[in-house]
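Enquirer: quick one: sequence and predicted model below, then my questions.
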Amino acid sequence: MQRENLTTWTFFILKGFSKYPNLEIVLFAFSLVFYLITLLGNSTLILITILNSNLKTPMYLFLGNLSFMDICYTSASIPTLLVNLLSSQKTIAFSGCAVQMYLSLAMGSTECVLLAVMAYDRYVAICNPLRYPIIMNRQVCVQMASVSWVTGCLTAMLETSFALQMPLCGNLIDHFTCEILAVLKLACASSLLMDMIMLLISVLLLPIPMLLICISYAFILSTILRINSAEGRNKAFSTCAAHLTVVILYFGAALSMYLKPSTSNSQEIDKIISLLYGVLTPMLNPIIYSLRNKEVKEAMKKLLGKIPVHQTHENH
């Protein structure tokens, strides 16, 4: 009977930020505003990439995928966080925990691969501009985006299925979401197989995409430095600046969470990093791409410009 209790938890308690009750309302307001901006910004970016014929290039296909991932990623954890910040019973059903863990891992993993794909896209655009339409044709771009999704979803399925089969000696998760590392801290005993899976997937999805991004940007930088005109250099660099900013934000937070020493006893810092990683980065992505990109700005102006026109026609 005792053994049965170790493995059949029907719900979990998310400790979240209950250690700081006075901060919970502030965190609620902060998370809600950032979540709404994330939904609005990423939905707008998806909408303009679909509606605007000038944004049918590979870069915007990948950008639309990135925005969709950010919406799914934040929607997996932030609504639960918002409810729990206002509730005295901070519980989540086992099935809800499984879905939350899977979606967070799947979207996060897919984004790692997609950012590497986007770096390759920028490399081809700057280093082989004449061959760009041939190399990065529609079929290739769809295949590359599909590989990102399949890799992320399969690795997340592997991690989630093994993590939730581990015998757990408690149901109090010291986190605001069913984050895999926080759940594994409840395991009654360490598992070499689980540790190996986590290590292999972490290496596959963090250092390897980062290495590919660095190689792409080494070639890009070399090409940019050989451009004679300052205007040409600035134009080439501006096409990469937004992507590079997102890469630094995303991988910086991810590396600090998943590749730090396991002996590090800093759960509160982990939660703060997770909150910034889960709310701030997805919110900033569409803002960064909009501010650094003239085509996106023009498309947004056209989209906003259409709203009063329709209203005027309706009035007449």
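Expert: Yep, it's here.
Enquirer: for residue 107, what are its contacts?
Expert: 69, 70, 72, 73, 76, 152 (Cβ atoms under 8 Å, 6 or more residues apart in numbering). For the C-beta atoms, the positions are set from N, CA and C on the backbone; glycine is no exception.
Enquirer: how close does the fourth one get to residue 215?
Expert: By that I understand residue 73. Noted for residue 73: a distance of 26 Å to residue 215, by Cβ to Cβ, to the nearest Å.
Enquirer: which one of those two has more residues nearby?
Expert: More crowded of residue 73 and residue 215, by other Cβ atoms under 10 Å: residue 73, with 25 against 14.
Enquirer: doesn't the more buried one fall inside a helix?
Expert: Yes: the assignment for residue 73 (DSSP: H, G, I helix; E, B strand; the rest coil) places it in a helix.
Enquirer: give the contact list for it.
Expert: So residue 73 contacts 103, 104, 107, 108, 111, 278, 282 (Cβ under 8 Å, 6+ apart).
Enquirer: which one of those residues is nearest residue 228?
Expert: Of all the contacts of residue 73, residue 228 sits closest to residue 111, with 36.3 Å by Cβ to Cβ.
Enquirer: so residue 213 sits against residue 122, correct?
Expert: No: under the criterion of Cβ atoms under 8 Å, residue 213 makes no contact with residue 122, lying 9.6 Å away.
Enquirer: if we can go back for a sec, now the contacts of residue 107 in JSON lines, with pLDDT and distance to residue 208?
Expert: Converted to JSON lines, the contacts of residue 107 look like this (pLDDT from 0 to 100; distance: Cβ to Cβ, whole Å):
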{"residue": "69", "pLDDT": "93", "distance to residue 208": "19"}
{"residue": "70", "pLDDT": "91", "distance to residue 208": "22"}
{"residue": "72", "pLDDT": "93", "distance to residue 208": "23"}
{"residue": "73", "pLDDT": "91", "distance to residue 208": "21"}
{"residue": "76", "pLDDT": "89", "distance to residue 208": "24"}
{"residue": "152", "pLDDT": "95", "distance to residue 208": "13"}
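Enquirer: and these as TSV, adding distance to residue 224?
Expert: Listed next are the contacts of residue 107 as TSV, based on distance: Cβ to Cβ, whole Å:
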residue	distance to residue 224
69	28
70	28
72	34
73	32
76	38
152	31
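Enquirer: now flag whichever of those residues is closest to residue 249.
Expert: Using Cβ to Cβ, those come closest to residue 249 at residue 70, 11.9 Å.
Enquirer: and for the closest one, the neighbour number?
Expert: 25.
Enquirer: so where's the stretch 201-316 of the chain uncertain?
Expert: Where the stretch 201-316 of the chain drops to pLDDT under 70, the residues are 257-267, 291-293, 303-304, 306-316.
Enquirer: what segments of it are helices?
Expert: Under the criterion DSSP state H, counting those that start in this stretch, the stretch 201-316 of the chain contains helices at 207-225, 230-258, 267-275, 281-291, 294-315.
Enquirer: quick one: closest of those helices to residue 17.
Expert: Of the helices of the stretch 201-316 of the chain, nearest to residue 17 by Cβ to Cβ is helix 267-275, at 6.9 Å.
Enquirer: for the closest one, which positions count as buried?
Expert: Under the neighbour-count criterion of 16 or more other Cβ atoms under 10 Å, helix 267-275 has 270, 271, 273, 274, 275 buried.
Enquirer: what lies in contact with it?
Expert: 16-17, 19, 27, 31, 174-177, 179, 181-182, 253, 256-257.
Enquirer: mind running it again at 7 Å?
Expert: Contacting residues not belonging to helix 267-275 are listed as 17, 174, 175, 176, 179, 253, 256, 257 [Cβ atoms under 7 Å, 6 or more residues apart in numbering].
Enquirer: just the buried residues from those residues, in ChimeraX please.
Expert: The ChimeraX command for the buried members of the contacts of helix 267-275 (criterion: 16+ other Cβ under 10 Å) is given here:
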select :17,174,175,176,179,253,257
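Enquirer: in contact with residue 13, which residues?
Expert: 90, 91, 171, 172, 173 are the contacts of residue 13 under Cβ under 7 Å, 6+ apart.
Enquirer: what helix or strand does it sit in?
Expert: strand 11-14 (DSSP states H and E).
Enquirer: in the stretch 1-150 of the chain, where is pLDDT below threshold?
Expert: Looking along the stretch 1-150 of the chain with the criterion set at pLDDT under 70, you get 1-8.
Enquirer: helices of that one, start to end?
Expert: Counting by DSSP H, counting those that start in this stretch, the helices of the stretch 1-150 of the chain are 2-7, 24-51, 58-86, 94-127, 132-135, 138-163.
Enquirer: now find how far off-centre the shortest one is within its chain.
Expert: Read it as helix 132-135. Relative to the centre of its chain, helix 132-135 is centred 28 Å away, using Cα atoms, centre = their mean, to the nearest Å.
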